[in-house]
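Novice: Requesting a structural model of the entry that follows:
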Amino acid sequence: MEKKRVLLFYPPGPMYQRGEDRCQQNIDDASAEAIRACNDLGYAAAILLKKGYDVKLRDYMTQRDKMEDLHHDMEEYKPDLIMMSITNTTIYGDLEIINELKAKYNPVTVIKGALFYDPEQEMMDMLDLSSVDYIIGGETDFAIGEIADYALKGEGNIEDALSILYKVEDGSFKRTVFHEWAGDLDSRPFPARHLMNNGLYKRPDTDEPMATIQTARGCPSACVFCLTPIISGKCVRFRSPQNVLDEMLECYEVHNIKTFFFKADTFTIDPKWVKEMCELIINSKMHGDIAFTANSRVNPLSKETLQLMKEAGCFMVAFGFESGSDEMLKTLKKGTTVEMNLRAARWCHEVGIPFWGFYVIGFPWENREHILATKKLIMESDPDFIEVKMALPFYGTPLYDACKEFDLLTASPMGSDFFHSAMSGTKYLSQDEVEKLRRNILLSFYLRPKYIFKKMAECITKPGVFINYCKYGIKLVVNLFK
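Specialist: Okay, the predicted model is just below:
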């Protein structure tokens, strides 16, 4: 019997971090972020290949392909099932594409995205889901195999798939179990990188291929703006360090990838896990020939952990500092303080690890003084790179509830992103004032002569890095004034 065919894809269109359930960053309008590998598709492909399906994976978005390329593949490959990764911002355009493909080729249609994690019916009613058969609201690799077996082979029980919605005869959607998560991450096959165009996903400064490796899922924090604890749970589920190292070795030996982004919302939350992971890298044949970056919280964190990470090859740490106001950090339930933010920055400077600071302004409770405190934190901590986003009230978060309570929503958060808000501003500032403060912070930081000369000095022997810095600098200024 001929194998059933499955097409997994990011659609043509603007650049978004479609594989991220937490942020789904707008890459085109960001100051200096690069697109990450399509691991959500890679994991799905690996699961389906293991089950015996014929799989094609395409990232039309990052390849800057057109709809004609997608139609060409639909006509030539003739998939029985298609799965598209969607985002909160692109949902309307994504559904138009699904409608078009369903009408012309009639495959089984699956969409996945954080937007659909146990969604309110009110939100579902706002969308044209008439051409969608299955919706994955949770972790793709724990659902796509069950969906394919049920839809294409009539095998299994669709109720066994975690965190999905499936269409029934009357056109409505029925939900399976949400708020339950499978625990054994080591049982997951590695993303099918032989189907991915790995050269598309690059380290921003050097343009070297960079693989994304998910080391853990879940976050115990309760930040009012974040979807991660909702989608992946509050219990952190770690992969074993050896399992992570094995994936790194596959990337290194098979795909010649030597730079890694360790994807985890809480990479440093367990010092013992980090120590074991770094020691494995240090004692491996890759040590000295690979580099990695990771997100980290400022609490828990120690200087010793940062030193060990640097020894293992860490070239950058990213911190979600969020705010320079203790009052705001408490309101956001961040679980950190300004002093913790400054301490983490000080340790990075002392250890010699460059760090990226992420900040969010425009929360409903913020006034000008709160935002200026964030600017003060940025200047005092002196990160290597920063991104300042505007608050985005995702459905299902306490932030969304607060925006509704204070009547600050001008439109549905769907279709909005961190640079094009659905909010009218804060209780004290208009959205125009928030945007001007953001512009002022970014320009004040990046256009400092001290900063410019420092970055130029770092690039004296690295002309390629200097060119990339210039490109991102031009992009920043254009985005701020367009």
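
Novice: Please verify my assumption that F419 contacts M390.
Specialist: Yes - using CB atoms under 8 Å, F419 makes contact with M390 at a distance of 6.7 Å. In short, each C-beta sits where N, CA and C put it, glycine included.

Novice: tell me the secondary structure for L41?
Specialist: helix (DSSP: H, G, I helix; E, B strand; the rest coil).

Novice: Please apply the same query to E96.
Specialist: Classified using three-state DSSP, E96 is helix.

Novice: K104 too?
Specialist: Going by three-state DSSP: K104 is helix.

Novice: any idea how far F385 is from it?
Specialist: Per CB to CB, to the nearest Å, K104 is found 44 Å from F385.

Novice: What is the lengthiest helix in the chain packed up against?
Specialist: What stands out as the longest helix in the chain, according to DSSP state H, is helix 463-481. Secondary-structure packing of helix 463-481 (3 or more CB pairs under 8 Å, 6 or more residues apart in numbering; DSSP states H and E): helix 431-446, helix 449-458.

Novice: Give me the more crowded residue out of K104 and F385.
Specialist: Between K104 and F385, counted using other CB atoms under 10 Å, F385 has the larger neighbour count: 21 against 11.

Novice: quick one, what contacts the more buried one?
Specialist: By CB atoms under 8 Å, 6 or more residues apart in numbering, the contact set of F385 is 31-32, 354, 356-357.

Novice: Please apply the same query to A391.
Specialist: 225, 360-364, 399, 421, 423.

Novice: Return the subset of those residues lying in helices.
Specialist: If you go by DSSP H, the contacts of A391 have L399 in helices.

Novice: Take the contacts of A391 and write them to a markdown table, including neighbour count, distance to T176 and pLDDT.
Specialist: What follows is those, written out as a markdown table (neighbours: other CB atoms under 10 Å; distance: CB to CB, whole Å; pLDDT from 0 to 100):
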| residue | neighbour count | distance to T176 | pLDDT |
| --- | --- | --- | --- |
| F225 | 21 | 27 | 90 |
| V360 | 24 | 33 | 96 |
| I361 | 25 | 38 | 97 |
| G362 | 25 | 36 | 97 |
| F363 | 27 | 34 | 97 |
| P364 | 21 | 34 | 97 |
| L399 | 22 | 27 | 94 |
| S421 | 24 | 33 | 81 |
| M423 | 24 | 33 | 93 |
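
Novice: Might you specify the subset of the contacts of A391 located within strands?
Specialist: Counting by DSSP state E, the part of these found in strands is 360-361.

Novice: quick one: which of the contacts of A391 is nearest A318?
Specialist: V360 (13.8 Å; CB to CB).

Novice: Who does the closest one form a beta bridge with?
Specialist: Here V360 sits in beta bridges with K389, as judged by DSSP bridges.

Novice: Okay, helices next: where are they in the stretch 101-250 of the chain?
Specialist: 121-124, 144-148, 228-232, 241-254 (DSSP state H, counting those that start in this stretch).

Novice: Point out the most buried one among the ones you listed.
Specialist: Of these, the one with the most neighbours on average (mean count of other CB atoms under 10 Å) is helix 144-148, at a mean of 25.

Novice: just to revisit the earlier point, indicate which one of the helices and strands packed on helix 463-481 is closest to K303.
Specialist: helix 449-458 (22.5 Å).

Novice: What is the closest one packed up against?
Specialist: Judged by 3+ CB pairs under 8 Å, 6+ apart, the packing partners of helix 449-458 are helix 463-481.

Novice: can you rerun that using 10 Å?
Specialist: helix 431-446, helix 463-481 (3 or more CB pairs under 10 Å, 6 or more residues apart in numbering; DSSP states H and E).
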